[in-house]
Structure formats: C-alpha cells, structure tokens
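Undergrad: Could you look at this predicted model? Sequence included:
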Amino acid sequence: MCQQKGHLVVTVDLLPRDELAALQQLKLERLLDRLETNPFYSPRLSHLAAKGRAIDKLSAIPPIDKVQILSDIDTHPPYGSIVGVPLDEIAAVHMTAGTSGSGQETHALTLRDVEAAGLLSSFAFRWAGLRFAEPAAFNIGHSNSSGATAMHRGIQALGRTPLLIAHVGFSERLELLATIDPVGIYGTPSTINGLLHTASELSFDVQARLPSLRFLLTSAEPYPIGWAERMMDAWGATLFEDYGATQSASSICASSCELGAVVDGQRGRLHFFDWSFLVEIVDPVTALQVSEGEWGELYITTLDKEASPLLRFRTADRVRYLGTDRCMCGRSLVSIEAGSISRLDDLLKIKGQNVWPADIEALLFSRPDVREFLGEVAIGPHGRDELYLRIALSTDVSEPAVAADVAVSIRSSFKARFNITPQVELVAIETLPQWKSPEQKSRRLIDRRQEGLLR
C-alpha cells in the first residue's frame, strides 16, 4: 500500500493530511453510490441531495447501531440485508462476542475483505517493530471471533506464521514462549499481567528466558500509565496498543505508532488507518464533533469493505480525541488516546457519585500489590448502595496485619478519589475470573442492585 511521489515511494500511512482527506472523499463517494441500492441503507440515503461532496453529506446520514444490525439480521437471516453482495461471494463470517447481552452480530466478508483485514492488521505489528520472518505470539483462541483470524493473518502478512498459545494455561504458555523466543507477544492487559505474575510464582525470569522480546501488543481493556510502565520494566519490552472490532472490517483499525502506548510518562496515541476508515468522534448528546482533548463516542465508516459495510456505525466506545496534528512519528492520522478506551454504557452512579469502571481499574492496577479484582455494586444490609471489592494481591498477605494495612489503604484511596468507601475482602487469585483472551471481555464491576440485597 504505497504511492509514488517523484522518486520517493510513500507508504499510505505517511500521506499528508490533505491527500488522506482527498482519498477518503473519493472512497466515500463510491461507497454512497454503492449503498444506494443496498436494502438496509437505501432508505437512510434517500433524502440526500443529488449533488455535493459526499463528506459534506455525512452528518445528515442517520447513524446505525448494534440494535439495528441485530434487527436486520433477525429479519433477513443469516447475514441481514446489509450484506450487499451475492451470497456466493461470501468467503468468511465473523461474529461478535455477544458479551453485551443483546445478541451476536454476524458480519460477512468477501475474499478481498479477508485479505484486506490481514493487511490492515499487519500495520499494528509493523509499527510495533515486527519485521519479515520474525516470530510473534498471541493469546487468542480460534473461533468465529474476528480477532484471531485478523491478527493471525496480520502476522502472516509480514512473512511468518504466529505462535498460538491461547489453548493452554499461563504456565504452559511461558514454556512455549521460551521455546520459540518471540520478538513480540500480543495479549490483553489482563493476560500480560497474569503471565507476569505466573512467571514470578514459577521463578521464570522473563527477560532471561525471552532474550529476543522487544514488544508487547495489547488491546480490549483500559490500563493506567503506572501499570504500563511496570510491565515494560518487568518484561524489558515496549508496550503498544491496537483497536479493532468485528464491525471494523473484522480487522485492527487503529494502533499506536513506533513511539509506543506510553511516551515520556504520558499516554500515547492510537492512529486510525484513515485510508480505509472514516471515523468521527462525537458528543453522544449533541451528535456534534468534539474538540481536541475532549471525550466522545466513536463512529466508524468502513471505506473499503465489500460485504456487511458500515456507514456511521455507533461503537458505543468512549474515547478521547487527540486530533490530526502531525505526530512525532511523522503521520497525520486521526488519533485517540491510548489506554483509556471504555464503554459509554459502563457509567455507574454509586452512592450518588458517577463512576467509570475504567477509573476504578486505573486506581487499583496502579498499585503494584494488586494482581486482580472483582467488584459488585449492591444494596447493602442497611438499604443503601454498597461497593464490594474482592481483591487478589501480588504480595504475601498471610500476616493479618499486612492484609489489614492493605485493605485500609485501598479504602482510603477510594474515599479520596471517588468519595466512596468500599467493603474490601482480600481473596486468593483462584477465586476470581481470569480473562485470558479478548473473547473473554473483562467485566470487573457488576451492578447487582436490581437483584436486591447481596450481603
């Protein structure tokens, strides 16, 4: 994917902003022309003016969401009327995880879509430093999820078959890693964290046993900067992050560049692949584009996807917009903040306070002594909201005094940060869920208030 410019060959990710905008405009015009006959989209486009730039018409097109896609699939099974290509052109099918509880979407891909998903996903690995014929490992089990297939092909696009390690437990994964000695490992923050703690328990020196390791690539969960810096120090590798979904052409659609997910102690950028996606970051109330530095909901339009194309899809992901100013890496791509993506519907009101689960995770995982936790919001014995935290520590808490000090410290930090004093119970790691794959999306805070008294 490159463009000839005089005597230079410029890869598409390094195009100037005006050329990227022109490319998006051209692709959007072609997409709208194609969707005029699509049964799902044609009613949504009928009011548009016949003339004018496609990009200027975009905000007048009603966005779509997961509920509408599921309704279309239910009405026109198995792929919905959105599919847009003859059924004999469908080469693969990917399904969403269904962890939201509203059902699983089924997204179809043509052969061209399949190959494009692998090529797009390869950018995340390339920017992280993977080079031709080098081995990399990832922690995703193969299923109907798009994650494994897209990332598998992403590594293959750089000339090497990836090491699959998601089928075994953490201790066995470490031995597989030592056997192959990869230059990079993909895993969710939960997985990277779990692997490191298991290594510590087994006296497995990750830097000595994995001398070639240069990068960790993560996604699917937010994380605090302190945690990221600890992981990089412990593994001796740079942390990178990518963003993608089944809806985003079943591929990665944004990634941190060569600078990494944390730059000089600050959160880095995730650059969108603007040559293949058109993204909007809008205020969920006003539906207007937010300003640089502000939070908003991410909308995605797939500019190249043939089957199951998406036009202004509401992801329900809450992101912080960082603009299109040229990054130190030399790219002028739309960027969002790394490590802080969360769900708009995650916001909870606890004891009158608005709390984002990602902020609770950031507070707890910024502590080196916290390994994992599970929180429950419930009606307590006195008829009031209570936050119950079950926490597994990374340090020895066999001494009652040590455990008591840790619990007091956590309660105090919650009071200072959220004006909430939780009930803290220190437990063994085996009693808590361990999210070892992006298919097992972490839900560390559960609202049980509709169930009545919990304790």
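TA: Arrived safely, thanks for sending.

Undergrad: For the rest of this, base every contact and every neighbour count on C-alpha atoms.
TA: OK.

Undergrad: Which strands or helices does the helix or strand harbouring Glu376 pack on?
TA: When elements are assigned from DSSP states H and E, Glu376 belongs to strand 370-379. Strand 370-379 is packed against helix 189-201, helix 357-365, strand 385-393, strand 445-447, with contacts defined by 3 or more C-alpha pairs under 8 Å, 6 or more residues apart in numbering; DSSP states H and E.

Undergrad: Swap in 6 Å and give it another go.
TA: Here strand 370-379 touches strand 385-393, strand 445-447, going by 3 or more C-alpha pairs under 6 Å, 6 or more residues apart in numbering; DSSP states H and E.

Undergrad: what does that strand contact?
TA: Defining contact as C-alpha atoms under 6 Å, 6 or more residues apart in numbering, one finds that strand 370-379 is touched by 385-394, 444-449, 452-454.

Undergrad: if we go to 8 Å?
TA: Applying C-alpha atoms under 8 Å, 6 or more residues apart in numbering, the contact partners of strand 370-379 are 193-194, 197, 350, 364-365, 385-394, 429, 432-433, 444-449, 451-455.

Undergrad: Just the buried residues of the residues you listed.
TA: Neighbour-count burial (16 or more other C-alpha atoms under 10 Å) applied to the contacts of strand 370-379 gives 193-194, 197, 350, 364-365, 385-394, 429, 444-447, 449, 453.

Undergrad: how about low-confidence regions in the stretch 51-200 of the chain?
TA: 97-102, 143-148 (pLDDT under 70).

Undergrad: And for Pro78, the neighbour number?
TA: 14 (other C-alpha atoms under 10 Å).

Undergrad: Could you tell me how far it is located from Arg160?
TA: Applying C-alpha to C-alpha, to the nearest Å, the value for Pro78 to Arg160 is 34 Å.

Undergrad: Tell me which stretches of the protein form helices.
TA: 17-35, 42-45, 54-57, 66-75, 111-128, 146-156, 170-180, 189-201, 206-209, 225-235, 357-365, 400-418 (DSSP state H).

Undergrad: Surely Gly194 and Gly169 touch.
TA: No: the criterion here is C-alpha atoms under 8 Å, and Gly194 misses it with Gly169 at 10.2 Å.

Undergrad: can you list the domains in the chain?
TA: 1-345, 347-451 (automatic domain parsing).

Undergrad: Just say which of these is most tucked in.
TA: Of all the domains of the chain, domain 1-345 carries the top mean neighbour count, a mean of 19, counting by mean count of other C-alpha atoms under 10 Å.

Undergrad: Name all residues that make contact with Leu164.
TA: Going by C-alpha under 8 Å, 6+ apart, Leu164 touches Ala137, Phe138, Asn139, Ile140, Gly141.

Undergrad: Which residues are in contact with the second one?
TA: Right, the one you point to is Phe138. Pro162, Leu163, Leu164, Ile165, Ala166, Ile185, Tyr186, Gly187.

Undergrad: so how far is Thr191 from it?
TA: 10 Å.

Undergrad: And for the first one?
TA: Ala137 sits 12 Å away from Thr191 when distances are taken as C-alpha to C-alpha.

Undergrad: Same check on the last one?
TA: In this structure, Gly141 and Thr191 are separated by 13 Å, where distance is defined by C-alpha to C-alpha.

Undergrad: and what of Trp356?
TA: Plainly put, Trp356 is 22 Å away from Thr191 if you go by C-alpha to C-alpha.

Undergrad: How about Gly80?
TA: Look at Gly80 and Thr191: by C-alpha to C-alpha, they are 35 Å apart.

Undergrad: repeat for Ala166
TA: Plainly put, Ala166 is 10 Å away from Thr191 if you go by C-alpha to C-alpha.

Undergrad: what do you get for Ile73?
TA: Counting by C-alpha to C-alpha - Ile73 and Thr191 are separated by 33 Å.

Undergrad: Check His271 too.
TA: Here His271 is placed at a distance of 23 Å from Thr191 (C-alpha to C-alpha).

Undergrad: May I have the strand holding Glu376 as CSV, with CA atoms only?
TA: The C-alpha coordinates for strand 370-379 follow below in CSV (Å, rounded to 0.1, in the frame of the first residue of the first chain):
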residue,chain,number,x,y,z
VAL,A,370,-2.9,-5.6,43.4
ARG,A,371,-3.0,-8.5,41.0
GLU,A,372,-6.7,-8.9,40.1
PHE,A,373,-10.1,-7.8,41.5
LEU,A,374,-13.9,-8.2,41.1
GLY,A,375,-16.3,-5.5,42.2
GLU,A,376,-20.0,-5.7,42.9
VAL,A,377,-22.4,-2.8,43.5
ALA,A,378,-25.4,-3.9,45.5
ILE,A,379,-28.0,-2.9,48.1
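
Undergrad: what mean pLDDT does stretch 24-42 have?
TA: The predicted model gives stretch 24-42 an average pLDDT of 95.

Undergrad: Can we start the residue count at 374 from this point?
TA: In the new numbering, first residue 374, that becomes stretch 397-415.

Undergrad: could you give the angle of the strand holding Glu749 to helix 773-791?
TA: Counting by axes from the mean of the first three to the mean of the last three C-alpha atoms, to 10 degrees, strand 743-752 lies at 60 degrees to helix 773-791.

Undergrad: so how far is strand 743-752 off the chain centroid?
TA: How far strand 743-752 lies from its chain's middle: 22 Å, per C-alpha atoms, centre = their mean, to the nearest Å.

Undergrad: Show residues contacting stretch 574-589.
TA: 501-502, 544, 550-551, 554-560, 569, 572, 607-613.

Undergrad: same thing with stretch 595-602?
TA: Against stretch 595-602 from outside (C-alpha under 8 Å, 6+ apart): 562, 612, 635, 638-640, 712-715, 731, 734-736, 738-741.

Undergrad: how about 7 Å then?
TA: Leu612, Arg640, Gly712, Ser713, Ile714, Ser715, Ala731, Ala735, Phe738, Ser739 (C-alpha atoms under 7 Å, 6 or more residues apart in numbering).
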